[in-house]
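Peer 1: Take a look and give me a structure for this.
(chains A and B)
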Amino acid sequence: DVKVTQSSRYLVKRTGEKVFLECVQDMDHENMFWYRQDPGLGLRLIYFSYDVKMKEKGDIPEGYSVSREKKERFSLILESASTNQTSMYLCASSSRTGAFYGYTFGSGTRLTVV
Amino acid sequence: GQQVMQIPQYQHVQEGEDFTTYCNSSTTLSNIQWYKQRPGGHPVFLIQLVKSGEVKKQKRLTFQFGEAKKNSSLHITATQTTDVGTYFCAGVWLNEKLTFGTGTRLTIIP
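Peer 2: Sure thing, here's the model as predicted:
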């Protein structure tokens, strides 16, 4: 069964901490995405990557960065966590033509910044 | 930027009643996808519509894509408790990036 695995289900971090959210997929997908999900706002794209060492900004990249050193792994980094980054973070992957085959999502990481 | 508007935000129905959620884009879409997220879960891909006027069915679920490829709907006939969740549409334009609607949360009254 194909999988997207996010390293943590729940995280609590302090304001100002550097936070790493890890995502690994085992489907040999080229494309990987990070979304955050907030009530009433749906899923908003933070960053995405179509290839190793490649990254592009999504709709809300401020305060975040990403790293993709290997095809299967896509990391989201909060350089200095703030309370407004408390959210559910969802990683997704798709094949190169994935917009036509649907995304596979991980189970999500619920991050609380205190 | 490109946006997909989805309504209603919430829908409460009696078990056995029908349910419909609508999505609309101001510009022509390349295709549209639908996802379901169960409470406490993550979005799961349901279907993709590509052709103008396309209609697809999955058991009690009927998906439609408008003739102008700017709107879409998901209709559930005779809802069951297993249908509970949030339904998202996601539009695709010329790039491969999905833009999600805000979702419709469906609750079922037994």
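Peer 1: Point me to the residue of chain B nearest chain A.
Peer 2: B:Phe45 (3.3 Å; C-beta to the nearest C-beta). (Glycine included, C-beta is placed from N, CA and C.)
Peer 1: What residues of the helix or strand where that residue lies count as buried?
Peer 2: Per DSSP states H and E, B:Phe45 falls inside strand B:44-49. Buried residues in strand B:44-49, counted by 16 or more other C-beta atoms under 10 Å in any protein chain shown: B:45-49.
Peer 1: In JSON lines, list those along with pLDDT.
Peer 2: Shown next, in JSON lines, are those (pLDDT from 0 to 100):
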{"residue": "B:Phe45", "pLDDT": "94"}
{"residue": "B:Leu46", "pLDDT": "96"}
{"residue": "B:Ile47", "pLDDT": "95"}
{"residue": "B:Gln48", "pLDDT": "93"}
{"residue": "B:Leu49", "pLDDT": "95"}
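Peer 1: The lowest-mean-pLDDT helix or strand in chain B and chain A in contact?
Peer 2: In chain B, the helix or strand scored least confidently by mean pLDDT, DSSP states H and E is strand B:98-100, which has a mean of 89. Yes - using C-beta under 8 Å from any C-beta of the partner chain, strand B:98-100 reaches chain A at B:98-100.
Peer 1: What ranges does chain A have for its strands?
Peer 2: A:4-6, A:10-13, A:19-21, A:23-25, A:31-38, A:42-49, A:56-57, A:64-70, A:73-78, A:87-94, A:104-105, A:109-113 (DSSP state E).
Peer 1: Would you convert the ones you listed into a markdown table that also reports distance to chain B?
Peer 2: A markdown table is the format used below for the strands of chain A (distance: least, C-beta to the nearest C-beta, whole Å):
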| stretch | distance to chain B |
| --- | --- |
| strand A:4-6 | 9 |
| strand A:10-13 | 12 |
| strand A:19-21 | 14 |
| strand A:23-25 | 12 |
| strand A:31-38 | 7 |
| strand A:42-49 | 4 |
| strand A:56-57 | 8 |
| strand A:64-70 | 15 |
| strand A:73-78 | 15 |
| strand A:87-94 | 6 |
| strand A:104-105 | 4 |
| strand A:109-113 | 10 |
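Peer 1: export the ones you listed to CSV and tack on mean pLDDT and mean neighbour count?
Peer 2: Output for the strands of chain A, formatted as CSV (pLDDT from 0 to 100; neighbours: other C-beta atoms under 10 Å in any protein chain shown):
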stretch, mean pLDDT, mean neighbour count
strand A:4-6, 96, 19
strand A:10-13, 97, 13
strand A:19-21, 97, 18
strand A:23-25, 97, 22
strand A:31-38, 95, 23
strand A:42-49, 94, 22
strand A:56-57, 94, 14
strand A:64-70, 96, 16
strand A:73-78, 97, 20
strand A:87-94, 96, 24
strand A:104-105, 95, 22
strand A:109-113, 98, 18
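Peer 1: Kindly state which of those is positioned closest to B:Thr104.
Peer 2: Among these, strand A:42-49 comes nearest to B:Thr104, with 10.3 Å by C-beta to C-beta.
Peer 1: What residues does A:Leu41 make contact with?
Peer 2: Residues near A:Leu41 by C-beta atoms under 8 Å, 6 or more residues apart in numbering or on different chains: B:Thr102.
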